[in-house]
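Visitor: how does the following fold in three dimensions:
(one chain, ligands or ions: 2)
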Amino acid sequence: MTSVPFTQPARECGDCNMCCQGFLPANIHGYHMMQGLPCHFVSDNPCGGCTIYEDRPEVCSGYQCLWKISPSIPEWMKPNKADCIISGREATYEGIEYKFIQVKEGHKPIRGEVLNYILRMCIYNNFNVQYEVLGNWYWHGDEHWMKHSMESMNVTPEEPAQDA
Ligand code: SF4
Ligand code: SF4
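Guide: Ligands and ions are numbered 1, 2, ... in the order given. Okay, the predicted model is just below:
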């Protein structure tokens, strides 16, 4: 399984502020941001940005928006157009560091063409992915990643059938 090839920022956020709308939970300087509760510091302007940009915490400055850092992802996949946020994430499981893609639904359930594009991209590139559909989480990737994912959901992987 290859790592996600994170590259340098090449795009501007412009009229998007999806990562500040609460779809990605975080604590920002003591204020919780969660589903239904946008960041305390996002501009009231519907397309506004961060009101504390120079003082934003590391969870914001280090955030990896895949649309923004991966020019090969099409313009129509911009989070405020696709209504879906694609993030580059990292995790450690059994001593192994993973990079994976997290796909979070936005205001509405993920659209078919959006999910189709992401899963095809992940399968083609052998990326591990965690994705949300209708509020439920699903995973795709290598065996170790799937084991980690199922254990995080308290699901015991089935043992292969033994020959008699
Ligand atoms: S989701 Fe991506 S494009 Fe939209 S504001 Fe956040 S970093 Fe910028
Ligand atoms: S601090 Fe700024 S960049 Fe971070 S979530 Fe809030 S509005 Fe967005």
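Visitor: and the nearest residue to Met33 once chain neighbours are set aside, what does it touch?
Guide: Excluding its sequence neighbours, the residue lying closest to Met33 (CB to CB, 6 or more residues apart in numbering) is Cys39, at 4.5 Å. Heads up, the C-betas are built off the backbone N, CA and C, glycines and all. Cys39 makes contact with 20-22, 26, 28, 31, 33, 50, according to CB atoms under 8 Å, 6 or more residues apart in numbering.
Visitor: can you list the buried residues in the helix or strand of the chain with the lowest mean pLDDT?
Guide: Lowest mean confidence among the helices and strands of the chain (mean pLDDT, DSSP states H and E): helix 143-152, at a mean of 83. Buried residues in helix 143-152, counted by 16 or more other CB atoms under 10 Å: 145, 148-149.
Visitor: try stretch 93-110
Guide: Using 16+ other CB under 10 Å as the test for burial, stretch 93-110 gives 98-106, 110.
Visitor: quick one: which two of those residues are the most distant?
Guide: Tyr98 and Gly106 (24.4 Å; CB to CB).
Visitor: distance check, Glu105 against ligand 1.
Guide: Distance, Glu105 to ligand 1, by CB to the nearest ligand atom, to the nearest Å: 13 Å.
Visitor: contacts only, for that residue.
Guide: Neighbour list for Glu105: 23, 83-84, 132-135 [criterion: CB under 8 Å, 6+ apart].
Visitor: go again using 6 Å as the cut-off
Guide: Listed by CB atoms under 6 Å, 6 or more residues apart in numbering, the contact set of Glu105 reads Glu132.
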